[in-house]
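> Got a predicted model here, sequence first, then my questions.
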Amino acid sequence: MRDRTFSGPNTDIRSVAIPASRHATKADATSPLSGFDKFCRSVKLMMGTLTSRRSDNNRTLAQERVILSMTSAVPGTLAAFLCFFSLTVNVPGALAQEATGGQPAAAAKPEKKLTEIKIGYLRAYAPQLALSVLDVPPRDEGVAGGNVAIADNNTTGSFLGQKFSLDVTEVKPDADVVPAFQEMIARGDRYVVADVSVKQLLSIADLARDNGVLIFNAGATDDSLREEECRANIFHTIPTRSMLADGLAQYLIWKQWRRWVLIYGSHERDQLFAEALRRAATRFGGEIVGEKLFEDTGTARRTDSGVVQIQRQMPVFTQDLPEHDVLLVADESEVFGTYVPFRTWTPRPVAGTAGLTPSAWHPASEQWGGTQIQNRFAKANGRRMMSKDMAAWTAVRILGEAATRTQGADPRKMADFIRSDDFSIAAFKGQKLTFRKWNQQLRQPIFLGDGRSVVSTSPQEGFLHQVSELDTLGVDEPETKCVLK
Amino acid sequence: MHRRACALAILATGFMAGPASAYMAYVSNEKDNTMSVVDTTTMQVVKTVNVGQRPRGITISHDGKHIYLCASDDDSIEVIDTASLEIVDTLPSGPDPELFVLSPDGKTLYVANEDDNLVTVIDIEGKKVLAEIPVGVEPEGMGVSPDGKTMVNTSETTNMAHFIDTSTHEITDNVLVDARPRFVEFTPDGKQAWVSAEIGGTVSVIDNQTREVIRKITFEISGLRAESIQPVGVRITADGKKAYVALGPANRVAVINTQTYEVEKYVLVGQRVWQLAFTPDQKTIISTNGVSNDITFIDVATDEPVQSVTVGALPWGVVVSPN
């Protein structure tokens, strides 16, 4: 079944030869580069694995071409790429000194080619309002993370003759994405990071499968995409609503705050998150003692005198709720959630989409090497890194890792690697992340934070699992409705 | 109170210190911006020194006169006089220095600059940067061969060990290892470089001639999740027979037979064990245990933990005076 899924043409591999003359000109023009050129020359590619695979007689033409492009690499042209890389770093004069011991093995190689790995980024975007101006999503949310990962992949790729690029296509949130996706296929994108709605994603799933395109969902948290509507060619790097709700619920239980009330919005996504919270309560021993719907009557999100009214309305709205430890909010639509904390009838902590919030990433996380990705991200984008940025970064890094480990760009080999037991990815979350084989959801810890800092990360201590404690978050294998096809 | 405790400790040391093996261990405490000075004979903290922000990598000059300390958030390397325990100088380090290694001749420091994908080569005497070498994403581990000819840097997101010729400052080989390589240690004969991979959970043994991974060491501790075994610091005995690997949140140090590559023992120390250092007589190895704010003395002959000593907040690195 899996093989069939990726039986599309492997046309994504472009072996681009860079004329040696271009490289020479560039190096001559700028003096430090001539030293760097030597650095480039001395880079010896890791060819061990690849060479051993050459005896494999089941190679496709495309695989043949990758091998060719990798083994016949000329240091000079790799250097041309590396020298581009050098423009972004400070290469001091010392580096330009004459090299004494050259690398005869590398120098003897004939022609060098770069393997290009093009990644498409399909995105549904329209400006969004939020209750707080601080919560308005950045224009490049997600894409910015993808770009940082491209830079990371290219640094690694500079040692292996691989060059990654990200090609962003934007559509409206309710638009038909098929034409845009067809264009992406025509451009040669064989890997697509998607931040679109469930409906949009499903509308291109079959087209993707028939063209051998792997999709990485970095936007939609819908459980249905990993359950009833799961697909063999779609991987998910963003956590599901049920994973987020479970991460939050575990913490509340750990705190022994077991009685909850739930206020949910009237839009579909609010109700889906409310449902995930109800499921989490049942799962971990919380009790939802009362529920209330907050109807969206279409009021403006921000008005000059809004604060005065809210201060009077919210206590009244929460007055008749039964006694509880925590008030849960499910308002993904940004209609009322931000208005709940500090305005309730009884003084109780708020959690859910407001107050203590579960997320795939926190802009203030500095644990587990997080400082490094945060600094890198902030330097490149002038803002903090958010959950969608991390989901896109992870998706692009997964492709980088697959290209590194398989020493090429064959989509089938890369997909096989990503599905294999050897695959794992490090994403600043304290442990290796892997895919759930039954629905291709990336296992990951869930951050719990307020607007300022990380309060905790789930899974919480004591929530045990026979396979991975990360599988205490979200829908587990015995419960799954997914049949990969 | 604190000062009195220190004074008492110093007094006590004066009386108790053994004549021959009174080494000092210097521990960088990442969280509270201090360095703890610990007498390895009495196993007591004798002084706490205020240093720059976020101290991590720490090493000492071969004559034992100067400590070099990476003050990561100050973007500098501090030079601390071991006699006065005062910061006497700073070296240019490039941004966010985390780990470094001193060349065998004691003249050069090779520094990993995490934020800029660079290894900075510093001439200690002249206090100047000799070279900046572009490497993979998030450079971290630094090792140098005993003959000083080869320096190895690991990059945590690129997942490679970069072998660098110290005479040309050029990368000669890139060896793929497992996820988040953290530390490099050469065997005393210079034939192998051992590279730990924190997230991969392995130690790769790389042949320094062929520059290929000849062995991958894995760890298994009953009752512990595989994900919590995260190898970081590595040290190999001077006779080359035993390797010690700090296993991070597994709270243990693995003892490996370097002939068979088998783990012979797991020594339970403190929480989140990070780095290791031998005393010069090789009788003791000291681990820094970040989360439990202590260091553990392990007897190298028996591989039994002898004592844990509370130091500052989040102890990160440790080095012991050579004399």
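Sure, I can see it.

> Now for whichever residue of the stretch 1-150 of chain B sits closest to chain A, how many residues are close by?
Proximity to chain A, evaluated over the stretch 1-150 of chain B using CB to the nearest CB, is greatest for B:Ala131 at 4.1 Å. All C-beta spots, glycine's among them, are computed from the backbone N, C-alpha and C. B:Ala131 is surrounded by 25 other residues when neighbours are defined as other CB atoms under 10 Å in any protein chain shown.

> Verify the contact between it and B:Asp123 for me.
No: counting by CB atoms under 8 Å, B:Asp123 is not a contact partner of B:Ala131; they are 9.8 Å apart.

> Check whether the residue of the stretch 1-150 of chain B closest to chain A sits in a helix, strand or coil.
Judged by DSSP: H, G, I helix; E, B strand; the rest coil, the three-state class of B:Ala131 is strand.

> same question, B:Met151
strand.

> mind checking pLDDT for it?
Model confidence at B:Met151, expressed as pLDDT, equals 97.

> re the thing from before, now the residue of the stretch 1-150 of chain B closest to chain A: how far from B:Val111?
With distances defined as CB to CB, to the nearest Å, the gap from B:Ala131 to B:Val111 amounts to 11 Å.

> Overlap of the contact sets of those two?
A shared contact of B:Ala131 and B:Val111, defined by CB atoms under 8 Å, 6 or more residues apart in numbering or on different chains, is any residue touching both; here these are B:120-121.

> how about the strands in the stretch 51-200 of chain B?
B:55-60, B:66-71, B:76-81, B:86-92, B:97-102, B:108-113, B:118-123, B:128-134, B:139-144, B:150-155, B:160-165, B:170-176, B:181-186, B:192-197 (DSSP state E, counting those that start in this stretch).

> Skip the chain neighbours and tell me the closest residue to A:Glu295.
Ranked by CB to CB, 6 or more residues apart in numbering or on different chains and with sequence neighbours excluded, the top spatial neighbour of A:Glu295 is A:Ser266, at 5.0 Å.

> That should have said A:Pro411, apologies.
A:Arg190 (4.9 Å).

> Could you do B:Ile298 as well?
B:Ile285 (4.9 Å).

> next one: A:Gly370
Leaving aside its sequence neighbours, A:Gly370 sits nearest to A:Phe428 (CB to CB, 6+ apart; 4.5 Å).

> can you check B:Asn257 too?
Residue nearest to B:Asn257 in three dimensions, not counting chain neighbours: B:Glu264, with 5.3 Å by CB to CB, 6+ apart.

> would you say that neighbour is within a helix?
No: assessed by three-state DSSP, B:Glu264 does not belong to a helix; its assignment is strand.

> is it true that it touches B:Thr258?
No: contact between B:Glu264 and B:Thr258 fails when scored by CB under 8 Å: they sit 10.5 Å apart.

> neighbour-wise, which of these two wins?
B:Thr258 (18 against 11).

> okay but A:Gly474 is in contact with A:Asp246, surely?
Yes: counting by CB under 8 Å, A:Gly474 touches A:Asp246, with 6.0 Å between them.

> if I've got this straight, A:Thr155 is in a helix?
Yes: the assignment for A:Thr155, made by three-state DSSP, places it in a helix.

> could you list every residue that touches the closest residue in space to it that isn't next to it in sequence?
If the residues on either side of it in the chain are set aside, A:Thr155 comes closest to B:Val137, at 4.9 Å by CB to CB, 6+ apart. Shown here is B:Val137, whose contacts under the criterion CB under 8 Å, 6+ apart are A:152, A:155-156, B:117, B:155-158.

> and A:Leu321, how many neighbours?
Taking other CB under 10 Å as the neighbour definition, A:Leu321 ends up with a count of 19.

> Hmm, I typed the wrong one, I wanted A:Asp416.
Every residue meeting other CB under 10 Å relative to A:Asp416 is counted, giving 17.

> pLDDT at it, what is it?
Among the per-residue scores, A:Asp416 holds a pLDDT of 92.

> gap between the helix or strand that contains it and the chain center?
Using DSSP states H and E, the secondary-structure element containing A:Asp416 is helix A:411-419. For helix A:411-419, the distance between its averaged C-alpha position and the chain's averaged C-alpha position is 17 Å (CA atoms, centre = their mean, to the nearest Å).

> packing partners for that helix?
Contact here means 3 or more CB pairs under 8 Å, 6 or more residues apart in numbering or on different chains; DSSP states H and E; on that basis helix A:411-419 packs against strand A:214-217, helix A:387-406.

> Could you dump these into CSV with mean pLDDT added?
Conversion of those to CSV gives the following (pLDDT from 0 to 100):
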stretch, mean pLDDT
strand A:214-217, 97
helix A:387-406, 96
